[in-house]
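Participant: sequence first, then the predicted structure:
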Amino acid sequence: MTVKYEEMLKKAIEKLPSVVENSDRFKIPESEVTYSGKLTIIKNFNQIVNILRRDPNHLAKFLFKELAIPGKIEENKLILQKIFTKEKIDEKIREYCKIYIFCNECGKPDTKLFKKGNIYFIKCEACGAERSVPRV
């Protein structure tokens with residue numbers, strides 16, 4: 001008894017779930033923020049840069065520039081010299097990811113940031129695409 005390809009395909013499709021869950025393996029980390037006087041402290045800054053696989057100084061410089069304030073990295077925390085909401089900081093981290101983490105071609109976060117001459121690039125380890133990114 002031979003089963004035709006179309007019949008096997010039909011049975012296989014019937015067994016598939018109707019809803020497929022979206023299980024992204026990469027989630028943009030959220031900041032854990034505390035306040036001390038007029039300072040905003042991102043307690044999990046070291047964890048954030050480890051997840052993003054970027055130099056802490058690069059992300060810190062981006063945040064200082066975007067938020068237009070000075071700050072410093074101290075004991076795996078980022079200290080900003082002004083009060084900012086957690087939502088504002090998370091928004092800027094998402095913006096950083098859009099520019100310096102995600103590949104424009106395939107959308108994956110598997111990229112490396114590197115410098116050629118005076119120009120910064122990100123190269124996707126998933127699809128091989130390469131593009132220049134603005135300096136911080």
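Facilitator: Nice, I can see it.
Participant: relative to K65, how far out is the closest residue to F64 other than its chain neighbours?
Facilitator: Closest residue to F64 apart from its sequence neighbours, by C-beta to C-beta, 6 or more residues apart in numbering: G71 at 5.4 Å. C-betas here are computed from N, CA, C, even on glycine. Note on G71: its distance to K65, by C-beta to C-beta, to the nearest Å, is 11 Å.
Participant: center of the protein, which residue is that?
Facilitator: Geometric centre of the chain, nearest residue: C97, 4.0 Å, by C-alpha atoms, centre = their mean.
Participant: wouldn't that residue be in contact with I28 here?
Facilitator: Yes - the criterion here is C-beta atoms under 8 Å, and C97 meets it with I28 at 5.3 Å.
Participant: those strands in the protein, which residues are they?
Facilitator: Taking DSSP state E, the strands of the chain run over residues 33-36, 39-42, 71-74, 77-80, 111-116, 119-124, 130-133.
Participant: adding distance to H58, write those out as CSV.
Facilitator: Below are the strands of the chain laid out as CSV (distance: least, C-beta to C-beta, whole Å):
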stretch, distance to H58
strand 33-36, 20
strand 39-42, 15
strand 71-74, 11
strand 77-80, 12
strand 111-116, 7
strand 119-124, 9
strand 130-133, 11
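Participant: ok, which of these comes nearest L9?
Facilitator: strand 119-124 (33.8 Å; C-beta to C-beta).
Participant: now do the buried residues in that closest one.
Facilitator: 120, 122, 124 (16 or more other C-beta atoms under 10 Å).
Participant: how about stretch 38-45?
Facilitator: By 16+ other C-beta under 10 Å, the buried positions in stretch 38-45 come out as 40-42, 44-45.
Participant: so which elements touch the lengthiest helix in the chain?
Facilitator: In terms of residue count, the longest helix belonging to the chain (DSSP state H) is helix 86-100. Helix 86-100 sits against helix 45-52, helix 56-67, with contacts defined as 3 or more C-beta pairs under 8 Å, 6 or more residues apart in numbering; DSSP states H and E.
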